[in-house]
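Student: Show me the folded form of this:
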Amino acid sequence: MAKDKIRVLVVDDHEMVRLGLVSYLETEPSIEVVGQEADGAAAVESAAKLKPDVILMDLVMDGVDGIQAAKAILSHSPQAKVIALTSFADDELIYQVLAAGAAGYLLKTATAAEITQAILSVAQGQTVFDPHITKKLIESRQAETALHLRLTEREREVLTLIAAGQSNQEIADNLHIGIKTVKTHVSNILGKLEVSDRTQAAVYAHRHGLV
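Tutor: Okay, the predicted model is just below:
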């Protein structure tokens, strides 16, 4: 095998979809399919063992879903690239995928050539989104009030660290402030962004390109 081949792990709970993807990708000279899995838990284990460059990830699966799997994989292998490949274009799902750190979001209506090009692109550090998804993101961003303009400079710093998955203690250590001060900032952030928890705040941050 050529050393410069892109190592790909394919994850999809529909056998025919998975096998079809694998069969096609194996014909691509620049790609090496190093594994395939039918669920998120197995994908996390395989990613840890196989060290793929790119994970092509179905999102809606029983047990550990694609978003949970992506978070787990990227927490241990931040250099890996995850491309969500799904039948769903739900707004909340899109933002959860972005918050998880995915580098791409494709619908299963994408052609085999488009999927291949997406793999090549994210391996080079680019992000790739289905045109329909890009349109939804732009429209959603334009339609929303920029609530983050209410935040102070310090609150924006805290929000950035929340979006990076840091705990209150980690934020306190990074910003050299007390844990009670962090909790106050977090409470103010949730109120100003009109969200109910840290996850929604992180989604907001990714949605508005604050991280």
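Student: in the protein, which spans are strands?
Tutor: 6-11, 31-37, 54-57, 81-86, 104-107, 128-129 (DSSP state E).
Student: do you know which of the ones you listed lies nearest T181?
Tutor: strand 81-86 (34.2 Å; Cβ to Cβ). Where C-beta positions appear, they are placed from N, C-alpha and C, glycine not excepted.
Student: quick one: that closest one to strand 6-11, angle?
Tutor: If you take axes from the mean of the first three to the mean of the last three Cα atoms, to 10 degrees, strand 81-86 sits at 40 degrees to strand 6-11.
Student: Can you list the strands that strand 81-86 pairs with?
Tutor: strand 54-57 (parallel), strand 104-107 (parallel) (DSSP bridges).
Student: Would you mind finding the most buried of the strands of the chain?
Tutor: With neighbours taken as mean count of other Cβ atoms under 10 Å, the strands of the chain reach their highest mean count in strand 54-57, at a mean of 28.
Student: export it as PDB, just CAs?
Tutor: Written as PDB, here are the backbone C-alpha positions of strand 54-57 (Å, rounded to 0.1, in the frame of the first residue of the first chain):
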ATOM      1  CA  VAL A  54     -11.200   9.900   7.800                       C
ATOM      2  CA  ILE A  55     -14.300   8.300   9.300                       C
ATOM      3  CA  LEU A  56     -17.400   8.300   7.100                       C
ATOM      4  CA  MET A  57     -20.100   8.200   9.800                       C
END
